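**Q** Structure, please.
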Amino acid sequence: MNIAQYLDSTYLKTPQQSGLSEQETLQNDKDLAQEAIDNGIFAVMIRPDYVSEIKKYIQERNSDVVVGTVIGFHEGTYSADEKCTEAEKAIEDGADELDFVINYSAYLNRELDVVKDEFIRCTQLGLQHDKVVKWIIEIAALTNEQIADLTKTISNWAEDNFEQNDWPKIFVKSSTGFYETQDGKPNGATFEGIKIMLDNAGKLPVKAAGGVRTPEDAEKMISMGVQRIGTSSALALIKNQSASEGY
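**A** Alright, predicted model coming up:
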């Protein structure tokens, strides 16, 4: 199995979180991009501030590696206006894919009008610019029943508000990798959580993010039906090694 074609190679720490400078963070992203170019990795997933430079870096090397970024990251509590503004800037900078953190706090408070509004507006914005849009539901913050319900709800909204040929560009994604869990509970994709998502996503594709730490895990996720995997250890996975980091 060619795992590389399913991978979004990810680096999402801010300079403050990593203790690196802006320039060092940019260099990390360039190294990530070069690694993707050299190894046939499908995409790099980086913070919005670095999209313009990394898109330019990839284009200069005549590569078709996809550039993705995160929107409303990582809490998801940004307003729909703020998310759309951030997404518009990322699109201008050359992002190919937009991974939005859905307002799962609003969902948990049963403010479904808030969640639906941002889903429709932000998805429409992405699709209008021919971008892939992924919605991170943060499964570690949800019960199994809530994972099923939120995934199904997103699927229904997509089918009710967008054309069938757009559905393959609207993903449901498991995790940010930044949610703080208690008692050692996983904060990323689990086989149980992903199965629930797959069972309820309808015609929408699913992305497993975080927690995929071995090539065997990746192959199992793909065999289950996920179409993309987000990982900070993409190179290790394709070289048949275990991931050294948590995401």
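**Q** and S9, which of the three is it?
**A** Reducing the assignment at S9 to three states with DSSP: H, G, I helix; E, B strand; the rest coil gives strand.
**Q** In contact with the residue nearest to the spatial centre of the chain, which residues?
**A** The residue at the geometric middle of the chain, judged as the C-alpha nearest the mean C-alpha position with Cα atoms, centre = their mean, is D99 (4.6 Å). By Cβ atoms under 8 Å, 6 or more residues apart in numbering, the contact set of D99 is M45, G68, T69, V70, I71, F73, K134, I136, K173. Bear in mind the C-beta positions are built from the backbone N, C-alpha and C, glycine included.
**Q** Low-confidence stretches in this protein?
**A** Along the chain, segments meeting pLDDT under 70 span 244-246.
**Q** How are the strands of it distributed by residue range?
**A** Shown for the chain, the strands assigned by DSSP state E span residues 7-11, 43-46, 66-71, 97-101, 132-136, 170-173, 206-209, 228-231.
**Q** Tell me which of those approaches E86 most closely.
**A** Checking the strands of the chain against E86 by Cβ to Cβ gives strand 66-71 as the closest, at 5.0 Å.
**Q** got the contact list for E97?
**A** Counting by Cβ under 8 Å, 6+ apart, E97 makes contact with A43, M45, V66, V67, G68, T69, K131, V132, V133, K134.
**Q** Please indicate which of those are buried?
**A** A43, M45, V66, V67, G68, T69, K131, V132, V133, K134 (16 or more other Cβ atoms under 10 Å).
**Q** Columns distance to N187 on top of these, output as JSON lines?
**A** Shown next, in JSON lines, are those (distance: Cβ to Cβ, whole Å):
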{"residue": "A43", "distance to N187": "22"}
{"residue": "M45", "distance to N187": "17"}
{"residue": "V66", "distance to N187": "25"}
{"residue": "V67", "distance to N187": "25"}
{"residue": "G68", "distance to N187": "20"}
{"residue": "T69", "distance to N187": "20"}
{"residue": "K131", "distance to N187": "27"}
{"residue": "V132", "distance to N187": "24"}
{"residue": "V133", "distance to N187": "23"}
{"residue": "K134", "distance to N187": "18"}
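**Q** Which single one of the residues you listed is nearest to S18?
**A** S18 has its nearest neighbour among the buried ones among the contacts of E97 in M45, at 15.6 Å by Cβ to Cβ.
**Q** who touches I194 in this structure?
**A** So I194 contacts S174, V206, A208, M221, M224, V226 (Cβ under 8 Å, 6+ apart).
**Q** now the closest residue to V65 other than its chain neighbours: how far from A218?
**A** In space, V65 comes closest to A36 once its chain neighbours are excluded; the distance is 4.6 Å by Cβ to Cβ, 6 or more residues apart in numbering. A36 sits 16 Å away from A218, taking Cβ to Cβ, to the nearest Å as the criterion.
**Q** ditto for E97
**A** The spacing between E97 and A218, counted by Cβ to Cβ, is 19 Å.
**Q** can you check D38 too?
**A** When distance is defined by Cβ to Cβ, D38 is 19 Å away from A218.
**Q** What of L150?
**A** Looking at L150 against A218, where the rule is Cβ to Cβ, the gap reads 24 Å.
**Q** swap in I139?
**A** Taking Cβ to Cβ, one finds I139 at 18 Å from A218.
**Q** neighbour-wise, which of the two wins?
**A** In this comparison of I139 against A218, neighbours counted by other Cβ atoms under 10 Å, the higher total goes to I139 at 32 against 24.
**Q** Tell me which residues touch the more buried one, please.
**A** Residues counted as contacts of I139 (Cβ under 8 Å, 6+ apart) are I147, S174, S175, A189, T190, G193, M197.
**Q** how about the contacts of D99 in a markdown table, adding distance to G202?
**A** As requested, these are exported to a markdown table (distance: Cβ to Cβ, whole Å):
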| residue | distance to G202 |
| --- | --- |
| M45 | 24 |
| G68 | 23 |
| T69 | 26 |
| V70 | 24 |
| I71 | 23 |
| F73 | 25 |
| K134 | 15 |
| I136 | 18 |
| K173 | 15 |
